[in-house]
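# Just to be clear, the model below is a prediction. Sequence and coordinates:
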Amino acid sequence: MNHTPRFCPVASCTLLVVTLVAGVAACGGSRSHPLAAKPYDAVDEISFNAPKGDEKADSDKPLEVAVNGDDGRITDVSAVDAIGRHLAGELDADGRRWHSTSPLAAGTRYTVRVSMEDDDGDPGSHTLSFETASAKAKKLLNVTFGPQAGTYGVGQPVTAELSAPVKDKASRAIVERALRVRSTPAVTGSWYWVDDKILHYRPKDYWPAKATIDVTGGLAGIKVTDKLYGAPTKALKLTTGDRVEALTDAAAHTMTVKRNGKVINTIPVTTGKPGFFTRNGVKVVLSKEYSVRMRAETIGIAEGSSDSYDLQVYYAARVTWSGEYVHAAPWSTGSQGFANVSHGCTGMSTSLAEWFYNTVRPGDIVQVVGSEGEMMTPFDNGYGDWNLPWAKWQQGSALQKNDAPDRTDTIQAARLRPEV
């Protein structure tokens with residue numbers, strides 16, 4: 001059979017189709033072994049709704065590759081756009097048809113490489129290319145990754161903020177597939193939709209120490225909704241430092257600090273007294289502030305009452321947006337290690353607070369146990385992400401088969417208040 005390709009008229013405008021006709025017999029003489037043979041040009045006819053001349057393909061139409069006739073089967077299809085994104089697809093069990101399962105990007109050029117074999121096992125291949133039309137949407141979806149590039153503790157989640165809300169699960173799945181997080185060493189992780197515009201990503205366990213984390217977005221040109229297409233996204237690179245964990249036992253009035261699993265300090269502390277109990281659970285250092293003014297009025301305590309205070313506090317590591325810190329508390333050294341007398345913060349001597357301040361970095365773990373306070377919430381008051389069990393965390397992904405849980409009760413406005 002002559003395997004020289006020729007172009008035929010377009011037969012349909014409803015489906016982007018690439019059709020292959022395999023050779024009935026091997027070309028170029030006898031072949032002692034199929035694997036030793038040079039693949040022949042497997043395309044006799046190609047018909048797809050690819051545009052003629054300067055026209056572009058409609059990215060809303062799927063890509064389909066099929067074998068015509070009764071001879072041969074497809075063994076592999078690779079469709080890659082101009083910036084290196086691979087188009088996901090599925091091959092039928094009989095190898096007769098391959099179709100794309102993810103949206104084509106608008107405004108780009110695709111190169112499609114098809115491998116097949118005929119009934120005699122002789123290999124064939126063909127490569128073609130086409131361009132897609134630019135997006136018709138008036139609105140682009142921008143994604144901003146966080147935190148800023150730098151080195152963080154092993155508890156630091158990755159965040160993604162969308163410029164427009166994405167509500168339905170199918171559209172969320174498109175977004176989520178395009179937001180990729182890769183770490184070295186590799187870990188298992190997942191995105192969680194905090195609300196319509198915010199996603200968090202964390203591993204099953206904490207990040208490895210001394211890891212490199214690369215976050216990229218592949219949404220450019222991808223249709224998310226009828227009127228919303230993805231925009232190019234700035235990549236983010238993070239690294240992690242040592243695994244630093246501070247475990248505060250509010251009942252024992254001590255904090256144990258570990259680096260890479262080894263205890264490096266045990267500190268007498270005081271935590272929240274009745275009515276101001278420190279939150280239990282895993283928190284993440286949000287920032288470090290050498291000096292913070294803390295006033296009772298910011299947490300609803302009346303000026304002039306017995307609990308009123310107005311203090312300049314030093315060596316403060318913030319762990320909630322509402323104002324919970326680990327900080328120096330020289331006024332309570334007599335209670336540290338013996339009683340809980342604070343308004344919610346974890347207090348220690350000035351020298352030990354300076355040591356703690358110089359030891360931790362944003363993203364390090366601060367866990368509280370033994371308090372009579374409530375559990376740290378996952379998202380509305382800092383990074384409480386680690387308080388969700390992994391199975392429940394996975395339910396927040398749009399790529400899971402089960403529906404994501406209702407999170408409206410956890411999304412509240414953050415309050416910037418200090419709790420000494």
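Looks like it came in fine.

# Residue 205: neighbour count?
Using other CB atoms under 10 Å, residue 205 has 12 other residues around it. (Glycine included, C-beta is placed from N, CA and C.)

# Now it: phi and psi?
Reported as degrees, to the nearest 10, the phi and psi values for residue 205 are phi -120, psi -180.

# which non-adjacent residue is nearest it?
Nearest residue to residue 205, sequence neighbours excluded (CB to CB, 6 or more residues apart in numbering): residue 187, at 7.4 Å.

# How about the secondary structure of the one you found?
The three-state label given to residue 187 by DSSP: H, G, I helix; E, B strand; the rest coil is coil.

# Give me the helix or strand of the protein that scores worst on average pLDDT.
The weakest-scoring helix or strand in the chain, judged by mean pLDDT, DSSP states H and E, is strand 6-7 (a mean of 38).

# returning to that earlier point: next one, pLDDT for the residue nearest to residue 205 please.
According to the predicted model, the pLDDT of residue 187 comes to 97.

# show me the contacts for it.
With CB atoms under 8 Å, 6 or more residues apart in numbering as the criterion, the residues that contact residue 187 are 203-205, 207-208, 211.

# Show me which of these are buried.
Under a neighbour-count criterion of 16 or more other CB atoms under 10 Å, the subset of these counted as buried comprises 203, 207-208, 211.

# sorry, back to before: in strands, which of the contacts of residue 187 appear?
Among those, the members falling in strands (DSSP state E) are residue 203.

# Pick out the most distant pair among the contacts of residue 187.
Farthest apart among those by CB to CB are 204 and 211. That separation is 13.9 Å.

# so residue 273 makes contact with residue 343?
Yes: if you go by CB atoms under 8 Å, residue 273 and residue 343 touch, sitting 7.4 Å apart.

# And the pLDDT at residue 66?
86.

# okay, and for this structure, where does confidence drop off?
For the chain, residues meeting the criterion pLDDT under 70 lie at 1-37, 42-53, 137-138, 295-310, 401-420.

# all helices for it, in order.
Using DSSP state H, the helices of the chain run over residues 169-178, 350-359, 390-395.

# Would you tell me which of the ones you listed gets closest to residue 106?
Smallest distance to residue 106 across the helices of the chain (CB to CB): 12.9 Å, for helix 169-178.

# Can you dump the C-alpha atoms of the closest one in PDB for me?
What follows is helix 169-178, C-alpha atoms only, in PDB (Å, rounded to 0.1, in the frame of the first residue of the first chain):
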ATOM      1  CA  LYS A 169     -17.200  21.000  40.700                       C
ATOM      2  CA  ALA A 170     -16.400  20.400  37.000                       C
ATOM      3  CA  SER A 171     -14.900  23.800  36.600                       C
ATOM      4  CA  ARG A 172     -13.000  23.400  39.900                       C
ATOM      5  CA  ALA A 173     -11.600  20.100  38.600                       C
ATOM      6  CA  ILE A 174     -10.200  21.900  35.500                       C
ATOM      7  CA  VAL A 175      -8.500  24.500  37.700                       C
ATOM      8  CA  GLU A 176      -7.100  21.900  40.100                       C
ATOM      9  CA  ARG A 177      -5.700  19.700  37.400                       C
ATOM     10  CA  ALA A 178      -3.700  22.700  36.100                       C
END
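
# For that helix, name the packing helices and strands.
Packing contacts for helix 169-178, counted by 3 or more CB pairs under 8 Å, 6 or more residues apart in numbering; DSSP states H and E, involve strand 189-193, strand 223-225, strand 228-230.

# gap between it and the chain center?
Put simply, helix 169-178 sits 11 Å off its chain's centre (CA atoms, centre = their mean, to the nearest Å).

# Check stretch 203-212 too.
Relative to the centre of its chain, stretch 203-212 is centred 14 Å away, using CA atoms, centre = their mean.

# Make sure residue 118 is actually in contact with residue 75.
No: Residue 118 sits out of contact with residue 75 when judged by CB under 8 Å, with a separation of 10.9 Å.

# Settle it for me: which of those two has more neighbours?
Shown here are residue 118 and residue 75; by other CB under 10 Å, residue 118 has more neighbours (21 against 15).

# Quick one: the strands in the stretch 1-150 of the chain, in order.
Under the criterion DSSP state E, counting those that start in this stretch, strands of the stretch 1-150 of the chain are mapped to 6-7, 16-21, 40-41, 45-46, 63-68, 73-81, 89-91, 97-100, 109-117, 123-131, 139-141, 143-146, 150-152.

# Parallel or antiparallel, which strands does the last one pair with?
Same thing as strand 150-152. Taking DSSP bridges as the criterion, strand 150-152 forms sheet pairs with strand 236-240 (parallel).

# Pull the residues that contact the strand it pairs with.
145-147, 149-154, 156, 158, 207-216, 363.

# one more time with 10 Å
Contact with strand 236-240 is made by 144-156, 158-160, 181, 183-184, 206-217, 361, 363-364, as judged by CB atoms under 10 Å, 6 or more residues apart in numbering.

# Test of understanding: give the bridge partners of the closest residue to residue 184 other than its chain neighbours.
When the adjacent residues along the chain are set aside, residue 184 lies closest to residue 212, with 4.8 Å between them (CB to CB, 6+ apart). Applying DSSP bridges to residue 212 yields these beta-bridge partners: residue 184, residue 239.

# quick one: residue 212 and residue 241, what's the gap?
Computed with CB to CB, to the nearest Å, the distance linking residue 212 and residue 241 is 12 Å.
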